[in-house]
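**Q** next come a sequence and a model predicted from it.
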Amino acid sequence: MQSSLYPYQLKFKYPFKISHGLRSYTDVVYVKLEHENYTAWGEATLPPYLSETQQSVIDFISAFQKSMPSNNIGDWFDKLSNDQSGNMSAKAALDMALWSLKAQTEGKTIGELLDIEKRGFPLCTYTIGICTFDEMKLKVDDANNVGFEIFKIKLNGENDEEMIRNLKKLSSKPFAVDVNQGWQSPIQAIEKINWLAGEGCLLVEQPMLKNELREMKEVKEKSPLPIFADESCQGFSDIELLKDCFDGVNIKLMKCGGITEAFKMIKKAKELDLKILIGCMSESSVGCSAAAILSSMADYADLDGPYLIANDPFEGMKVEHGRIALHQLRQKIKF
């Protein structure tokens, strides 16, 4: 098994602002695994509010390979699943590449290996960060031009009403909102949610701070809209804790460490009657294509990363007629 690592910087088409701050790019590291004449890719995406860096990803994967006495894919999976060091984005990159290799060597798709039932794929949201009306118009036009049928609007508690009014001037399509922990109290959250329900909002993501579960239970009980956990839902062990505080969970490969963990999380969430949103952290086509494999198990998808960045070096999953569509991953730009 040979691994190669490629640091890269994904540049947004437009500045991306959420309650965590404003950024114009996202650092990533691509990992290429080569084994028995097969090649597979993984992606570690590193928004600045997370602790991982390009160097930490490179260090983790380099050390991981050096510690492996075997080229057996199963041994790599076993070691990865037993690793307790954190490094979730780095682990996600390795995990998705290993699944791709396993599928290729066995002549199957990853979905077939996981025995994912073949059914319809969910609608995919197009994310609009906090912005002016003029910038929102450009983004809405972009989304309409490529066939998105649902929007996700970022809010932060400061100009929420203006953001929604601007959207409704530009589009009559359905929308969800993501607050990224931006509201300050249950009273504020409930007032905002009641107002959003009257505006036709579909769901609200992470209204308050991730650890305020008691407060979130109060909000959920009084909310007319479904409430989804994002920052509160990092890995498998969180699912049970969230069942009384949220109606659904946003599962991201970069948070939980890859396809393996995300698949377990989805199954557990379904057992607890929680809705599923498959999300991303502005990944390119590599990360989003890996997540898209699981999306037929979800109620919603937020895998718009390839449509938000200007220099995606790959192409893969698409949004067709508003829904996720799987396509083979292909490298466009050589590193």
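**A** Sure thing, it's come through. Numbering: from 1, shown residues only.

**Q** use CA for all of it now, contacts and neighbours both
**A** Will do.

**Q** this structure: helices as residue ranges?
**A** In the chain, the helices defined using DSSP state H lie at 54-67, 73-82, 88-106, 110-113, 133-145, 160-170, 186-198, 213-222, 236-242, 253-256, 259-271, 285-292, 305-308.

**Q** can I get these in TSV with mean neighbour count, mean pLDDT and distance to residue 12?
**A** Listed next are these as TSV, based on neighbours: other Cα atoms under 10 Å; pLDDT from 0 to 100; distance: least, Cα to Cα, whole Å:
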stretch	mean neighbour count	mean pLDDT	distance to residue 12
helix 54-67	15	96	18
helix 73-82	13	95	31
helix 88-106	24	98	20
helix 110-113	16	96	29
helix 133-145	15	97	12
helix 160-170	16	98	20
helix 186-198	17	97	28
helix 213-222	17	97	32
helix 236-242	16	96	30
helix 253-256	27	97	18
helix 259-271	19	98	25
helix 285-292	28	98	14
helix 305-308	24	98	6
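
**Q** mind checking which of those is nearest residue 176?
**A** helix 186-198 (9.3 Å; Cα to Cα).

**Q** can I get the closest one as PDB, trimmed to CA atoms?
**A** Extracted C-alpha coordinates of helix 186-198, given in PDB (Å, rounded to 0.1, in the frame of the first residue of the first chain):
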ATOM      1  CA  PRO A 186     -34.200  29.500  24.600                       C
ATOM      2  CA  ILE A 187     -36.500  32.500  24.600                       C
ATOM      3  CA  GLN A 188     -34.700  34.000  21.600                       C
ATOM      4  CA  ALA A 189     -34.600  30.600  19.800                       C
ATOM      5  CA  ILE A 190     -38.300  30.000  20.300                       C
ATOM      6  CA  GLU A 191     -39.300  33.500  19.100                       C
ATOM      7  CA  LYS A 192     -37.100  33.100  16.000                       C
ATOM      8  CA  ILE A 193     -38.400  29.600  15.200                       C
ATOM      9  CA  ASN A 194     -42.000  30.600  15.500                       C
ATOM     10  CA  TRP A 195     -41.300  33.500  13.100                       C
ATOM     11  CA  LEU A 196     -39.500  31.200  10.700                       C
ATOM     12  CA  ALA A 197     -42.400  28.700  10.700                       C
ATOM     13  CA  GLY A 198     -44.600  31.500   9.500                       C
END
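
**Q** residue 264 contacts residue 236, correct?
**A** Yes. Here residue 264 lies in contact with residue 236, judged by Cα atoms under 8 Å, at a distance of 7.0 Å.

**Q** now do the shared contacts for these two.
**A** By Cα atoms under 8 Å, 6 or more residues apart in numbering, residue 264 and residue 236 have no common neighbours.

**Q** pull the contacting residues for the spatially most central residue of the chain.
**A** Centroid-nearest residue in the chain, with Cα atoms, centre = their mean: residue 280, separated by 1.7 Å. For residue 280, the contact set (Cα under 8 Å, 6+ apart) comprises 252, 253, 254, 287, 288, 291, 302, 303, 304, 305.

**Q** so what pLDDT did it get?
**A** We have a pLDDT of 97 for residue 280.

**Q** before we move on, what about residue 17?
**A** Reading off the model, residue 17 has pLDDT 87.

**Q** domain-wise, how is this protein divided?
**A** Domains of the chain are assigned by automatic domain parsing as 2-111, 113-331.

**Q** number of nearby residues for residue 84?
**A** Using other Cα atoms under 10 Å, residue 84 is surrounded by 8 other residues.

**Q** picking up where we left off before, out of the helices of the chain, which comes closest to residue 122?
**A** helix 285-292 (9.8 Å).

**Q** how many degrees apart are the closest one and helix 259-271 in direction?
**A** Relative orientation of helix 285-292 versus helix 259-271 (axes from the mean of the first three to the mean of the last three Cα atoms, to 10 degrees): 30 degrees.

**Q** and the contacts of helix 285-292?
**A** 41-44, 93, 96, 252-253, 259, 278-280, 303-306, 312, 314-317, 324-327, 329.

**Q** mind doing that once more with 6 Å?
**A** 43, 303, 306, 314, 315, 316, 317 (Cα atoms under 6 Å, 6 or more residues apart in numbering).

**Q** show only the entries of these found in strands.
**A** Of those, the ones assigned to strands by DSSP state E are 43, 314, 315.

**Q** quick check: the first one touching residue 93?
**A** Yes. The criterion here is Cα atoms under 6 Å, and residue 43 meets it with residue 93 at 4.4 Å.

**Q** what is the neighbour count of residue 310?
**A** 14.

**Q** so what's the nearest residue to it once chain neighbours are set aside up against?
**A** Distances taken as Cα to Cα, 6 or more residues apart in numbering put residue 13 closest to residue 310, at 5.1 Å, once the chain neighbours are dropped. Residues in contact with residue 13 (Cα under 6 Å, 6+ apart) are 308, 309, 310.
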